[in-house]
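Visitor: Pasting the sequence and the predicted coordinates here, then a few questions.
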Amino acid sequence: YISSINDVPSITSTELADALQDIAYSFTVTAEDAEGDDITFGLAVAPEWLSIDVATGQLSGVPAISDTGNAEVVIRVSDGEDSSSTVFGLDVIKDTVAPEFISGPSDQGVTDTQITVVFSSNEAVTGVVRYGIADQQNVPPSTNGTLALTDSVVIGTPDTEQSVDITGLTGSTTYEYQVE
């Protein structure tokens, strides 16, 4: 009686493609099984933003600025009987190009006590909307006549479409705002 021995599946990819901050990442890991058994993929170690399709081996996700640098990724393949793992380094490259406005910033929904600042950008952004009184007679002398944007609203959730409400304004006063 001769019994067959199952060969362990193996990953044939030798490295992972670099990822770019704030850009959708996609890379398909390749693997083989000597008997031609169906293979499933899994992540044993990976950054939170990265996922894998168990049937195809396609890695996907969107790394944030906090993910820049090198991350360890351990990919596991299985044929249902045996499995093996391979360790990879995945470089996430920081975005060095400043985002650009596609539309806005502009104001909508203006009342005596509130304004909504809206804008669109070419990539997901966070930031700050700074605002202050635009009446030049009330500008402190220490600012050499420039507007002091003394108050701010933080934009904490990255998105390409932003809408920021500035509330608590004083009626009949002109305000100026700046998006940073």
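Guide: Received it, and whenever you're ready, just let me know what you need.
Visitor: so what does the longest strand seen in the chain touch, helix or strand wise?
Guide: If you go by DSSP state E, the chain has its longest strand at strand 114-133. When contacts are defined as 3 or more Cβ pairs under 8 Å, 6 or more residues apart in numbering; DSSP states H and E, strand 114-133 packs onto strand 101-108, strand 151-167, strand 175-179. The C-beta positions use only the backbone N, C-alpha and C, and glycine is treated the same way.
Visitor: Pull out the buried residues from the second one.
Guide: Which is strand 151-167. Under the neighbour-count criterion of 16 or more other Cβ atoms under 10 Å, strand 151-167 has Ser152, Val153, Ile155, Pro158, Gln162, Val164, Ile166 buried.
Visitor: Low-confidence regions, the chain specifically.
Guide: The chain contains residues with pLDDT under 70 at 99, 104, 109, 124, 131-150, 152, 170-178, 180.
Visitor: on that earlier part again, what's the closest of the helices and strands packed on strand 114-133 to Leu50?
Guide: Taking Cβ to Cβ, strand 151-167 is the member of the helices and strands packed on strand 114-133 nearest to Leu50, at 17.3 Å.
Visitor: Which among the helices and strands packed on strand 114-133 is found nearest to Glu35?
Guide: strand 151-167 (45.8 Å).
Visitor: The host helix or strand of Ser26 pairs with which strands?
Guide: Here Ser26 sits within strand 25-28, counting by DSSP states H and E. Applying DSSP bridges, strand 25-28 is found paired with strand 58-61 (antiparallel).
Visitor: ok, residues contacting the strand it pairs with?
Guide: Applying Cβ atoms under 8 Å, 6 or more residues apart in numbering, the external contacts of strand 58-61 come out as 16, 19, 24-29, 47, 49-53, 73.
Visitor: Just after it, pick out the following helix or strand.
Guide: strand 69-78.
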